[in-house]
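Enquirer: Fold the stuff below for me.
(chains A, B, C and D)
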2 protein chains.
Amino acid sequence: MTTEEATRARAGQREEPTGQPEGSAEQGYDVFARLCPSREVFAELADKWSLLILMSLALCGPQRFSELQRGIGGVSRKMLTQSLRNLERSGLVLRTVFPETPPRVVYDLLPLGRELADLVAPLGRWTEHRAGRMVAAREEFDAAHAED
Amino acid sequence: MTTEEATRARAGQREEPTGQPEGSAEQGYDVFARLCPSREVFAELADKWSLLILMSLALCGPQRFSELQRGIGGVSRKMLTQSLRNLERSGLVLRTVFPETPPRVVYDLLPLGRELADLVAPLGRWTEHRAGRMVAAREEFDAAHAED
DNA sequence: CCGTCGCGGTCTCCAATATAGACCAGGTCT
DNA sequence: AGACCTGGTCTATATTGGAGACCGCGACGG
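Expert: The predicted model follows:
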């Protein structure tokens, strides 16, 4: 019953087949709606590199480009640049260039980014804590489905 | 100082140029390490569709395939299938088939998935709450960089 | 004085991935 | 009979990701 009610509640919110009410107020935002600006933002933030960058900045404080690259194993310069630009563009991260030689560029969290990073950090810790369980589940699943 | 210490602390953990200590204990997991199982798991979960699925199941309770597809605007059947399989494989989601006609398949959170969903849901709410601010930041950024 | 290194990127190419859309079985409804 | 429902899969095409080359600039080595 509870779940049915919840389902209907959300279903009512997103049944807008033709028009999009995103301009109405702050209440209209819905990450589940393809057209909603909040979904657009969400889609850009919800990838592994952006989340790892936020976690790294939250854990280790301001870092320069090469520090981030070394700290986040496996990230390419291209993806690091791209994700950082994205975070900067959305007002989550501040990019500061020190005109020295060789040039030094430092990235730091802005207040908005700090808020998000504080939500994302537990996710990383949870993943580390439960990784063993999930790996075991995967092996079990793969074994069960290998018999076909 | 605090940040420097933190940086060094994490740097110390990940400086393993050749060997990988992931088999040692449960403490060795590190999402920042390319080779770590926790990173592998993290990389599979940290995409928009998986997170939206978890959020939808957390908010609306058990749902069937087509309900999820309607609820998560813009998801293709292929990506929905793929992400659900992944969540099922890692022990986060339970898939139940009712052998009726037309067939009915219901997805629900397992305890492990519930834990993760409880961490992910605030992320969605935060995005909706701050979307306006981020869109504004993006317009400002784009305007500032259009003058080149 | 010439070559090389580090920094913070950009550019190019190729492989992998996402999306759109057709198709499927098998039963129901009209 | 023909259209429609379900929960998918398959295919073709567009987008994206990663590997590695290149770059300007100043310092440094021989």
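Enquirer: pLDDT value on residue A:99, please?
Expert: Looking at residue A:99, its pLDDT reads 86.
Enquirer: how near is it to DNA strand D?
Expert: 10 Å (Cβ to the nearest atom of the strand, to the nearest Å). Heads up, the C-betas are built off the backbone N, CA and C, glycines and all.
Enquirer: tally of neighbours for that residue?
Expert: Other residues within reach of residue A:99, judged by other Cβ atoms under 10 Å in any protein chain shown, total 6.
Enquirer: Quick one: residues contacting residue A:48.
Expert: Listed by Cβ atoms under 8 Å, 6 or more residues apart in numbering or on different chains, the contact set of residue A:48 reads B:42-43, B:46-47.
Enquirer: Dump the residues you listed into TSV; add secondary structure as well.
Expert: Formatted as TSV, the contacts of residue A:48 follow (DSSP: H, G, I helix; E, B strand; the rest coil):
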residue	secondary structure
B:42	helix
B:43	helix
B:46	coil
B:47	strand
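Enquirer: all strands for chain A, in order.
Expert: A:63-64, A:93-98, A:104-109 (DSSP state E).
Enquirer: Mind checking if the first one is in reach of chain B?
Expert: Yes: Strand A:63-64 comes into contact with chain B when judged by Cβ under 8 Å from any Cβ of the partner chain, the residues involved being residue A:63.
Enquirer: coming back round to it: in the contacts of residue A:48, which residue is surrounded by the most others?
Expert: For the contacts of residue A:48, the largest neighbour count, defined by other Cβ under 10 Å, is 24 neighbours, found at residue B:42.
Enquirer: just checking, that one touches residue A:125?
Expert: No: using Cβ atoms under 8 Å, residue B:42 makes no contact with residue A:125, being 10.9 Å away.
Enquirer: Now residue A:53. Nearest residue, chain neighbours left out?
Expert: In space, and not counting its chain neighbours, residue A:53 is closest to residue A:83: 5.7 Å by Cβ to Cβ, 6 or more residues apart in numbering or on different chains.
Enquirer: hang on, the earlier thing: now the strands of chain A in JSON lines, with mean neighbour count?
Expert: Converted to JSON lines, the strands of chain A look like this (neighbours: other Cβ atoms under 10 Å in any protein chain shown):
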{"stretch": "strand A:63-64", "mean neighbour count": "18"}
{"stretch": "strand A:93-98", "mean neighbour count": "14"}
{"stretch": "strand A:104-109", "mean neighbour count": "17"}
